[in-house]
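Novice: Starting from these lines, generate the structure:
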Amino acid sequence: MALQKILSFLTDLSIHNNKEWFDENRSRYQEAKTLFEHFTDLLIHEISRFDPEVGGLQAKDCTFRIFRDVRFSNDKRPYKTNFGAYINKGGKKSAFAGYYFHLAPDECFVAGGAHMPTPDQLKAIRESIVDDPEFFKSILNAPEFKKQFGELKGEKVKTSPRGFSKDFAELELIKFKQYFVMRTIPEVLLLSDTLIPETVTAYKALKPLNDFINDLTGA
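Specialist: Alright, predicted model coming up:
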């Protein structure tokens, strides 16, 4: 019921994405924001059971503002039409790999890994894969990981990355410019009592990839 209220607000906001409507419906926004923060706190609590690094976080450390920065964008809509939370050591502004939850009327998903790695992070990830490709493949090929997320997502370079040999046997693994995974949440799950347990199960499967990235780079 809580997420349904949030989605109802976001659906209306997507139709009336202007300051006048938002100001008139600010109480609905505050309710939706509070509900999403409560949901995020529940996720933090459950994730901390298997990843203690996030145990000291609160929702305010992980949730993103709904207000868009339109200064350098051709899209001048003032508000996002989604709520998002990134649960990781250090909070949403840190560079640590973590656990993302995205809630929107048109697309809901969980994700994690390194979506926007720094050049140093990306170099460290690629070097580690070259040093021990079998270890990295063991993370990607773990049965629960494949069940939950399938394969790595992200853009790739067309040839071998600069500074790496084109003769590397697992070249496709180091072509990635991003190392993240994503799983869509169907509506039937989104509005069910099993949403949090099933989301946490997916995050558990994601943890080895996050650990691989964070242990390498120190974020």
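Novice: Look up how far Ile174 lies from the residue of the chain positioned farthest from its centre.
Specialist: Using C-alpha atoms, centre = their mean, the residue of the chain lying farthest from its centre is Asp167. It sits 32.7 Å away. For Asp167, the distance to Ile174 (C-beta to C-beta, to the nearest Å) stands at 12 Å. (C-beta placed from N, C-alpha, C; glycine too.)
Novice: Repeat that for Glu155.
Specialist: 13 Å.
Novice: quick one on the thing from earlier: which residues sit in contact with the residue farthest from the centre of the chain?
Specialist: The contact partners of Asp167, by C-beta atoms under 8 Å, 6 or more residues apart in numbering, come to none.
Novice: that older thread, ok, Glu155 and Ile174, which is more surrounded?
Specialist: Ile174 (22 against 8; other C-beta atoms under 10 Å).
Novice: Surely the more buried one touches Asp131?
Specialist: No: taking contacts as C-beta atoms under 8 Å, Ile174 lies outside contact range of Asp131: 11.0 Å.
Novice: So what's the predicted local confidence for the residue farthest from the centre of the chain?
Specialist: In this model, Asp167 is scored at 93, pLDDT.
Novice: does it count as helix, strand or coil?
Specialist: coil (DSSP: H, G, I helix; E, B strand; the rest coil).
Novice: Can you list the low-confidence ranges for this protein?
Specialist: 1, 217-219 (pLDDT under 70).
Novice: Identify the residue nearest the geometric centre of it.
Specialist: Tyr100 (2.7 Å).
Novice: beta partners for it?
Specialist: Beta bridges link Tyr100 to Tyr86, Ala111 when assigned by DSSP bridges.
Novice: Distance check, it against Phe39.
Specialist: For Tyr100, the distance to Phe39 - C-beta to C-beta - is 14 Å.
Novice: same thing with Asn88?
Specialist: Asn88 is 17 Å from Phe39, by C-beta to C-beta.
Novice: Looking at those two now, which is surrounded by more residues?
Specialist: Taking other C-beta under 10 Å, Asn88 and Phe39 do not tie; Asn88 has more neighbours (25 against 22).
Novice: How about the contacts made by the closest residue to that one other than its chain neighbours?
Specialist: Counting by C-beta to C-beta, 6 or more residues apart in numbering, Gly98 is the residue found nearest to Asn88 once chain neighbours are left out, at 2.3 Å. Residues near Gly98 by C-beta under 8 Å, 6+ apart: 54, 86-89, 112, 210.
Novice: give me that answer again for 6 Å
Specialist: By C-beta atoms under 6 Å, 6 or more residues apart in numbering, the residues touching Gly98 are 86-88.
Novice: Next, give phi and psi for it.
Specialist: phi -160, psi -150 (degrees, to the nearest 10).
Novice: hang on, isn't Gly55 packed against Ser48?
Specialist: Yes: at 3.8 Å, Gly55 and Ser48 qualify as touching, with contact defined as C-beta atoms under 6 Å.
Novice: hey, what's in contact with both of Ile174 and Asp131?
Specialist: With C-beta under 6 Å, 6+ apart as the test, Ile174 and Asp131 reach no residue in common.
Novice: And the helices in this structure?
Specialist: For the chain, the helices defined by DSSP state H cover 2-15, 19-24, 26-47, 59-62, 119-131, 133-140, 143-149, 171-174, 187-190, 195-217.
Novice: Would you mind putting those helices into TSV with distance to Phe72 alongside?
Specialist: Below are the helices of the chain laid out as TSV (distance: least, C-beta to C-beta, whole Å):
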stretch	distance to Phe72
helix 2-15	22
helix 19-24	19
helix 26-47	25
helix 59-62	25
helix 119-131	22
helix 133-140	36
helix 143-149	33
helix 171-174	32
helix 187-190	33
helix 195-217	28
